[in-house]
Every structure is written in structure tokens, then in C-alpha cells.
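Asks: sharing a model prediction with you, sequence too.
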Amino acid sequence: MRRYLVIANQTLASHQLRQELLLRAEADESLFHFLVPDTARDSYSADWAAHEGAIEAGTEGAKARLKFALATVRSAGACALGALGDPDPLQAVELQMQCSAYDEIIVSMLPDGSSRWLEADLPSRISRFAQIPVTTIIAKGS
């Protein structure tokens with residue numbers, strides 16, 4: 001069984017990510033572990049009380065996108081699980097890789113100009129410590 005760690009948030013429902021995952025699910029027995037950095041908590045961490053409603057809405061949105069992604073992959077017959085993780089996507093991946101082994105990491109991001117992950121060169125940074133293939137998906141819309 002091929003094991004994939006999928007890191008995404010706003011792009012979880014994108015056509016590009018969905019197509020990539022379904023291709024893998026059709027090709028081989030697969031397990032997809034979705035890791036969604038809870039970036040809403042990071043965005044407002046300096047003043048939690050003043051932004052508690054916005055944080056909760058951001059976290060609930062991430063949970064809803066995760067639920068959709070899990071259902072999509074499971075409907076194709078693949079195993080899927082997932083959770084919200086550390087707001088820092090690099091830290092989230094490092095922590096997850098301490099718990100489980102994967103064959104490949106898939107990072108799904110917004111396009112250039114919209115993506116903090118792309119600006120931070122997240123895929124290359126993950127690749128440097130993960131020592132497994134890292135595939136980048138640039139979502140062009142849901």
C-alpha cells in the first residue's frame with residue numbers, strides 16, 4: 001500500500017489536487033493522510049481574545065475542507081484520514097513524520113502571488129529533511 005502525506009488547506013477542494021489524488025488511488029492501493037495546518041490560529045495568535053470569532057471560523061472552514069477531501073478520496077475506494085496540525089506547515093510535517101512513514105508528500109498550494117507557502121519555498125524545505133519525493137500541486141481554483 002502506498003502511503004501519501006497530503007499537506008493542504010485552502011486548496012483541499014481544488015480540481016488539481018482532487019485529480020492528482022484520484023489518479024494515485026486508481027493506480028495502486030493507497031492511504032492518504034491529510035494534514036491541514038491550522039493557519040487561522042497562527043494568523044491571530046498575538047491577540048487571541050480580540051480575534052476569537054475569526055479564529056474559530058477559520059478553523060471550522062479548514063475542518064469542512066478536510067471533511068470534503070476525505071469523502072472525495074474515500075468515494076474512490078482509497079483509505080483516507082486526516083487532522084488539523086500545527087499552524088506552521090513545516091513544523092506540522094516534521095511532527096507528522098515522527099509518527100508515521102510515507103512514500104511521498106504532496107503539497108497543494110495557491111498560485112504565485114497568493115501563496116505564503118510558495119513564497120516561503122515550503123516544498124523545497126520539506127524535501128530537504130523528508131528524503132522522500134515531494135510533489136507540488138498549484139491549485140488554480142476549486
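Replies: Nice, thanks for sending it over.
Asks: which other residues reach stretch 7-16?
Replies: 17, 34-37, 39, 62, 65-66, 68-69, 89, 92-93, 105-110, 122, 126, 137-142 (CB atoms under 8 Å, 6 or more residues apart in numbering). Placement of C-beta: from N, CA and C, glycine included.
Asks: how long is it end to end?
Replies: 14 Å (CA to CA, to the nearest Å).
Asks: quick one, which of the contacts of stretch 7-16 are buried?
Replies: 17, 34-37, 39, 62, 65-66, 69, 89, 92-93, 105-110, 122, 126, 137-139 (16 or more other CB atoms under 10 Å).
Asks: state the mean pLDDT of the helix of greatest length in the chain.
Replies: In the chain, with assignment by DSSP state H, the single longest helix is helix 52-75. In this model, helix 52-75 has a mean pLDDT of 80.
Asks: and the strands in this protein, which stretches?
Replies: Applying DSSP state E to the chain gives strands spanning 2-7, 30-37, 79-85, 104-109, 134-138.
Asks: got CSV for these, with mean pLDDT and distance to residue 117 too?
Replies: Supplementary listing: the strands of the chain in CSV, determined by pLDDT from 0 to 100; distance: least, CB to CB, whole Å:
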stretch, mean pLDDT, distance to residue 117
strand 2-7, 97, 8
strand 30-37, 95, 9
strand 79-85, 95, 14
strand 104-109, 96, 5
strand 134-138, 96, 9
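Asks: would you turn the ones you listed into JSON lines with distance to residue 97?
Replies: Below are these laid out as JSON lines (distance: least, CB to CB, whole Å):
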{"stretch": "strand 2-7", "distance to residue 97": "7"}
{"stretch": "strand 30-37", "distance to residue 97": "10"}
{"stretch": "strand 79-85", "distance to residue 97": "11"}
{"stretch": "strand 104-109", "distance to residue 97": "8"}
{"stretch": "strand 134-138", "distance to residue 97": "12"}
